[in-house]
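Chemist: Quick one, fold the following:
(one chain, ligands or ions: 1)
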Amino acid sequence: MTITRVAGNGGLPMINVSNDHADAVISVYAGQVLSFTPKGAADVLFVSDKAYYAEGKAIKGGVPICWPWFGADPEGKGRPAHGFMRNRMWSDWETRENADGSTTVILGVESSPETLAIWPHAFRLAMEVTVGKTLQLALVTRNTGDAAFTITQAMHTYFAVGDIAQTTVTGLEGTQYLDKAADGNGATKQQGGAISIASEVDRVYLGVPAELAIVDGALNRTIRITSSGNKTAVVWNPWAKIAAGMADLQDDDYTRFVCVETTNAADDVVSIPAGAEFRLVAEYGV
Ligand SMILES: O=P(O)(O)OC[C@H]1O[C@@H](O)[C@H](O)[C@@H](O)[C@@H]1O
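Modeler: Numbers count the residues shown, from 1 in each chain. Have a look, this model is predicted:
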């Protein structure tokens, strides 16, 4: 097993993990997993070739962390969408080798005068990443203050697919969702069969099961997503027009990824009492 700390793209601190099961690249900046490649397989995660690697900007791809809110500023104060963790430096807290040959990397952020000025709550946030046969992720929020606070959050994962036209997302059949796409008007709808994507898709699924899958006909593989701590999941693909308007995506990149996000979004708001901890967990396997 090797753990190598490197200056990655843009000089950002990154940790390369290589063990008997898989290889991974984990950015300390933003606490973001950028690559997970099980031995003999293609990368499970998509990262844009045009992604920004610079302080203050989000890296487009991998597993961006949305915290302590998902989507627009819940208080309408003009703070950035998806919170303030995906565009700041995190700390490299711990690495360890596990008996089964997997490797755990723990990155984190603690509240500081700077974060308190944006969001007035004391916290300790950790991203626990275990690279093994599967990629295990736990986003752990500890309330270190003396009053409860509420959060929404996401692992906003960009999964690599061979061809979006030959991809379906399964496990959400019959589930209600909020349709946030331009022509969906935020309406509540019900999913019929497996989700196929042939135009902009931006949906918050409600009351979701613990197991979802991405069935990729082009790469001939199925990515299994298991989660806990979430009642919601987001499925997002910007499709051609929105992707073309994003400077950090190539025009046709929308054909190469789908975001299936493990979330506490919409009315899935989490309240964390003083001194308590909340774990949002996801596991990805091929
Ligand atoms: O900030 P990013 O990575 O471009 O992602 C934006 C998208 O993130 C998704 O989670 C939201 O559901 C979309 O509404 C939003 O457009």
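Chemist: Give me the distance between the residue in the chain sticking out farthest from the centre and residue 276.
Modeler: Each residue of the chain has a distance to the centre, and by C-alpha atoms, centre = their mean the biggest one is for residue 146: 28.8 Å. According to C-beta to C-beta, to the nearest Å, residue 146 and residue 276 sit 12 Å apart. Every C-beta, even on glycine, is put in place using the N, C-alpha and C of the backbone.
Chemist: what does residue 63 give?
Modeler: Where residue 276 is concerned, residue 63 sits at a distance of 24 Å (C-beta to C-beta).
Chemist: ditto for residue 134
Modeler: Residue 134 is 28 Å from residue 276, by C-beta to C-beta.
Chemist: higher neighbour count, those two?
Modeler: residue 134 (20 against 11; other C-beta atoms under 10 Å).
Chemist: so how far is the ligand from the closest residue to that one other than its chain neighbours?
Modeler: In this structure, residue 134 finds its nearest non-sequential neighbour in residue 285, 3.8 Å apart by C-beta to C-beta, 6 or more residues apart in numbering. Distance of residue 285 to the ligand, computed by C-beta to the nearest ligand atom, to the nearest Å: 22 Å.
Chemist: now residue 4
Modeler: Taken as C-beta to the nearest ligand atom, the span from residue 4 to the ligand is 27 Å.
Chemist: host element of that residue?
Modeler: strand 2-7 (DSSP states H and E).
Chemist: Can you name the element that comes right after that strand?
Modeler: Proceeding N to C from strand 2-7, the next assigned helix or strand is strand 13-18, under DSSP H and E.
Chemist: how many neighbours does residue 190 have?
Modeler: Neighbours of residue 190 using other C-beta under 10 Å come to 9.
Chemist: So residue 189 is in contact with residue 180, correct?
Modeler: No: the pair residue 189 / residue 180 is not scored as a contact, 10.9 Å apart, by C-beta atoms under 8 Å.
Chemist: So if I had to pick from the two, which one is more boxed in?
Modeler: The neighbour comparison of residue 189 against residue 180 (other C-beta under 10 Å) goes to residue 180, with 19 against 12.
Chemist: what pLDDT does that one get?
Modeler: At residue 180, the predicted lDDT confidence score is 98.
Chemist: which residues pair with the nearest residue to it once chain neighbours are set aside across the strands?
Modeler: Excluding the flanking residues, the one nearest residue 180 by C-beta to C-beta, 6+ apart is residue 202, at 4.2 Å. Under DSSP bridges, the beta-bridge partners of residue 202 are residue 236.
Chemist: close enough to count as contact, residue 202 and residue 184?
Modeler: Yes: under the criterion of C-beta under 8 Å, residue 202 is in contact with residue 184, at a separation of 7.3 Å.
Chemist: Give me the more crowded residue out of the two.
Modeler: Taking neighbours as other C-beta under 10 Å, residue 202 and residue 184 compare with residue 202 leading, 19 against 16.
Chemist: Quick check, pLDDT for the more buried one.
Modeler: Reported pLDDT for residue 202: 98.
Chemist: swap in residue 118?
Modeler: At residue 118, pLDDT is 98.
Chemist: Quick one: name the residues of the chain near the ligand.
Modeler: 60, 64, 82, 156, 180, 202, 234, 236, 261 (C-beta under 6 Å from any ligand atom).
Chemist: returning to that earlier point: tell me the phi and psi of the residue nearest to residue 134?
Modeler: phi -140, psi 150 (degrees, to the nearest 10).
Chemist: Tell me how many other residues crowd it.
Modeler: For residue 285, using other C-beta under 10 Å, the count is 17.
Chemist: What of residue 176?
Modeler: Neighbours around residue 176, by other C-beta under 10 Å: 15.
Chemist: Show the contacting residues for it.
Modeler: 188-191, 205-207 (C-beta atoms under 8 Å, 6 or more residues apart in numbering).
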